[in-house]
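Peer 1: Sharing a model prediction with you, sequence too.
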Amino acid sequence: MGFGCWGYLGALLITLITLRIPLPAVSASSAESFLIGVGSYDITGPAADANMMGYANSSQNAAGIHFRLRARTFIVAEPGKNGKRVLFANLDACMASQIVTIEVLARLKERYGDLYNENNVAISGTHTHSGPGGYLQYVLYIVTSLGFIHQSFNALVDGIENSIIQAHENLRPGSIFINSGELFNASTNRSPSAYLNNPAEERARYQSNTDKEMTLLKFIDAERGPIGAFSWFAVHGTSMNGSNLLISGDNKGAAARFMEDWYNGKPSTDSIVLDPHVSQHDDATSKSHELTSFSKSAGDKVHIHSNVLLSTGVKVSTLLSNAMQRVRSRWNTLKAPFVAAFCQSNVGDTSPNILGAFCLDTGLPCDFNHSTCNGRNELCMGRGPAYPDDFMSTKIIGERQFMKAIDLFNSATENLVGNLDFRHKYVDFSNLEVSLPPTSPGRAGEIVTTCPAAVGFSFAAGTTDGPGAFNFKQGDDQGNAFWRLVGALLKPPTDHQIQCQKPKPILIDTGEMFEPYAWAPAILPIQILKIGHLFILCVPAEFTTMAGRRLKEAVKTTLINNSNGEFGDDIHIVIAGLTNAYSQYVTTFEEYQIQRYEGASTLYGPHTLSAYIQEFSKLAVAIAQDTSVEAGPSPPNLLSKQIQLLPGVVVDATPVGIKFGDLFKDVPSNDAYKSGDVVTVTFWTACPRNDLFTEKTFSLVEICDANGTCIPVYDDDDFCLRFIWSRPSRLSPFSHATIVWEIPDAVNPGNYRIRHFGAAKHLLGSIQHFNGTSSTFVVM
């Protein structure tokens, strides 16, 4: 029997004895309200060649990692054999995918039986536009990725499953606290002209044209203390623009990394210094400019475990060594992880580019109604707070969410009490009869229908976060003859469809296109999760600000009016956007008339929001009256029909006399660095698609002592470290890995080195793992 499992288990036992770390025990009884568990797992996917999902930019193909993507999960269960439970998984991904959800549910059924199913499981995306695409099953969403990408799909499914396994195995007695507050200066409305078309009396009820409320759940284990925080706040994941080629969790992924490191005492980034165990009551948003650095007092402690393992004399393989040397690796610490997730809400018309939209050619503000510059939409771009530095803008918007979450976390006193419940159904939105709600002036109670999916001309115009091409413009309710002809070559819309979708001029009639398989969804999941007096409305789309407000208000009214006094005005309602599936946007009826990007992307016609309100109200009534709902028609599983056109890796090579991992450009000799400086080193490498290095790292910064012993301090998960992959030409077998380290303000002085890990594919298909190391350099 080789090293394998026994070698590690033996070393682990030695470690436990050496460190005298007690294994956690589960209490036999507890007065706590729920069983709670959290989990987190890597879902980064292919860091090369895969087209990124979000901007629909065919040239935005991954070429490295800004920081890794994760699936973060919480499970809440009622004690007892027959107690209900709910599961919420938040992904650093552009959106959830129906086919991903189907596959995850199938795996959960195989592992846990009926414990977790479509009724009580929600899978949601943060809406980063810098993650690998190709994992949705409908044609429209995988055109720029050259079809389906199985590596992206598998990375998501595997990571979600593993995060759920962790949360399930960590279930222990605990409590959940809820808190909410307003966060300003982290979002703006990118379609204000459409928002202004909502009734004046309705707009007057709100101080802002975007939702500023953040709602946070604080999970406290009865024995171990806080184990997690999940929050919902509406802002697009577009701080990184469409020219970025590095995989990134954008502002919400950054906020999650900052908060987890803050709580765990990991010195990973320049950010606010706050004791996680001391309440902070000052307004975090007013102090966003007073950022200092994490304390490094516990910097070396998390590496004891791996060092003890290595001190046993066991020879560790390159790949295993890579995993063990991860800064936050589970190999390095036996402490239960603290999981922080920053979830998405009614994000539709929000933007993190808070300075506004300006013309690239003149520097003047863009046209208000059409977001154009001299008639061209390509020149109109939103600006983040650190424009033109998207990395810094991502950090700032992430920190502002993180800081507000700290404020809510430390001041949370409202305990979530009550039972768990859930309702879920599938709805065919392609031809749904809808009774217009009382809020429809002069039309209350009128029966209308939704339409098969279609996108309008302004869909091709993009947004100020990511403009389109070919001189399309937002706010186009007419179209033009040329592009009508182009769209008709794919599928000419019927007269009924044209009338149904008005005033949207149809560019692509996606809902009536089925070759080689369906271009857009018709059947979608809707869901409510109830945790005490919190109701999570899981929507498979991007609701605009006002659309989300109307949905929340309708559900709240329905719950109160049908619960026989059980629910009052003190209930909490949040929208979890981009959940379980994806179907683009949902605007209000009034916003739809303006036909900006969001209206043109509201697939099922002008009454889409009314349809959602009607169907969610049915779920709310069922919860309030403890009745069941029909499951509805099942969505298709199109996995077997998927086509992948992205070619695989053929072979990796290096020039004669050079090995993989050798230095192409070392750190300059005799240079000394300080905080704020940038260190760059380049290695000969291979394609990152050969091994995704899930829960491992391509890049590593180590600090070394006088004896030459080095410990890891920064890796792929750190905001300050970037892994950039490049090759001389698209068909070249040669490639380089450039590691860029922006030295944080709180860095410890000492001797450092940078390492790179990779995997090369030989001509006959075998994979060779390798690593390389820079020269040592001094940081003062």
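Peer 2: Everything's here; your move.
Peer 1: Look up how far residue 154 lies from residue 540.
Peer 2: Separation of residue 540 from residue 154 (Cβ to Cβ, to the nearest Å) stands at 22 Å. C-beta here means a position set from N, CA and C on the backbone, and glycine is covered the same way.
Peer 1: Who has more neighbours out of those two?
Peer 2: Applying other Cβ atoms under 10 Å to residue 540 and residue 154 shows that residue 540 carries more neighbours, namely 28 against 18.
Peer 1: who's in contact with that one?
Peer 2: 96, 98, 521, 524-526, 578-583 (Cβ atoms under 8 Å, 6 or more residues apart in numbering).
Peer 1: And the residues you listed, which is closest to residue 203?
Peer 2: When the contacts of residue 540 are compared for distance to residue 203 (Cβ to Cβ), residue 578 comes out closest, at 25.3 Å.
Peer 1: buried sites along stretch 445-461?
Peer 2: In terms of neighbour count (16 or more other Cβ atoms under 10 Å), stretch 445-461 has its buried residues at 448, 450-461.
Peer 1: Figure out the helix or strand that residue 176 lives in.
Peer 2: strand 172-182 (DSSP states H and E).
Peer 1: hmm, back to that, same list, the contacts of residue 540, but as TSV with neighbour count, distance to residue 430 and secondary structure please.
Peer 2: Formatted as TSV, the contacts of residue 540 follow (neighbours: other Cβ atoms under 10 Å; distance: Cβ to Cβ, whole Å; DSSP: H, G, I helix; E, B strand; the rest coil):
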residue	neighbour count	distance to residue 430	secondary structure
96	30	20	coil
98	24	15	helix
521	29	9	coil
524	25	10	strand
525	24	15	strand
526	26	15	strand
578	29	20	coil
579	30	20	strand
580	29	18	coil
581	28	14	coil
582	25	16	coil
583	26	11	coil
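Peer 1: So which of those is the closest to residue 674?
Peer 2: Using Cβ to Cβ, residue 578 comes nearest to residue 674 of the contacts of residue 540, at 41.9 Å.
Peer 1: got a list of what that closest one touches?
Peer 2: Counted by Cβ under 8 Å, 6+ apart, residue 578 has contacts 94-96, 124-125, 127, 344, 347, 539-542.
Peer 1: So the nearest residue to residue 493 once chain neighbours are set aside versus residue 455, what's the distance?
Peer 2: Nearest residue to residue 493, sequence neighbours excluded (Cβ to Cβ, 6 or more residues apart in numbering): residue 509, at 4.2 Å. Between residue 509 and residue 455 the computed distance is 9 Å (Cβ to Cβ).
Peer 1: Let me have the buried residues of stretch 445-461 in a markdown table, adding pLDDT as columns.
Peer 2: Formatted as a markdown table, the buried residues of stretch 445-461 follow (pLDDT from 0 to 100):
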| residue | pLDDT |
| --- | --- |
| 448 | 97 |
| 450 | 98 |
| 451 | 98 |
| 452 | 98 |
| 453 | 98 |
| 454 | 98 |
| 455 | 98 |
| 456 | 97 |
| 457 | 97 |
| 458 | 97 |
| 459 | 97 |
| 460 | 96 |
| 461 | 95 |
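Peer 1: The residue nearest to residue 493 is in contact with residue 430, isn't it?
Peer 2: No - counting by Cβ atoms under 8 Å, residue 509 stays clear of residue 430, with 11.8 Å between them.
Peer 1: give me every residue that touches the one residue sitting closest to the centre of the chain.
Peer 2: The residue lying closest to the centre of the chain (Cα atoms, centre = their mean) is residue 92, at 2.5 Å. Taking Cβ under 8 Å, 6+ apart, we find residue 92 in contact with 43, 69-71, 126, 128, 131, 249, 252-253, 256.
Peer 1: got the residues you listed as CSV, with distance to residue 707 columns?
Peer 2: Output for those, formatted as CSV (distance: Cβ to Cβ, whole Å):
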residue, distance to residue 707
43, 38
69, 37
70, 35
71, 39
126, 43
128, 42
131, 41
249, 37
252, 41
253, 37
256, 36
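Peer 1: mind listing which of those residues are in helices?
Peer 2: In helices, defined here by DSSP state H, the members of the contacts of residue 92 are 252-253, 256.
Peer 1: quick one: which of these is nearest residue 693?
Peer 2: residue 253 (17.5 Å).
Peer 1: Distance check, that closest one against residue 238.
Peer 2: Distance from residue 253 to residue 238, by Cβ to Cβ: 13 Å.
Peer 1: repeat for residue 619
Peer 2: Distance, residue 619 to residue 238, by Cβ to Cβ: 31 Å.
Peer 1: quick one: which of the two has more around it?
Peer 2: residue 238 (31 against 23).
Peer 1: can you tell me how far that one sits from residue 43?
Peer 2: 20 Å.
Peer 1: Which stretches in the stretch 551-700 of the chain count as strands?
Peer 2: 572-576, 585-586, 663-665, 672-673, 678-685, 699-704 (DSSP state E, counting those that start in this stretch).
Peer 1: Deepest-packed of those, please.
Peer 2: Neighbour counts (mean count of other Cβ atoms under 10 Å) averaged over each of those peak at strand 585-586, with a mean of 28.
Peer 1: Burial check on residue 765, number of neighbours?
Peer 2: Around residue 765 there are 10 residues (other Cβ under 10 Å).
Peer 1: Pretty sure it sits in a helix.
Peer 2: No - counting by DSSP: H, G, I helix; E, B strand; the rest coil, one finds residue 765 to be coil, located in no helix.
Peer 1: was I right about residue 679 contacting residue 776?
Peer 2: No - under the contact definition of Cβ under 8 Å, residue 679 does not touch residue 776, with a separation of 11.5 Å.
Peer 1: Residue 478 - how many residues pack around it?
Peer 2: By the other Cβ under 10 Å criterion, the neighbourhood of residue 478 contains 8 residues.
Peer 1: how much space between it and residue 458?
Peer 2: 11 Å.
Peer 1: Could you do residue 751 as well?
Peer 2: Distance, residue 751 to residue 458, by Cβ to Cβ: 56 Å.
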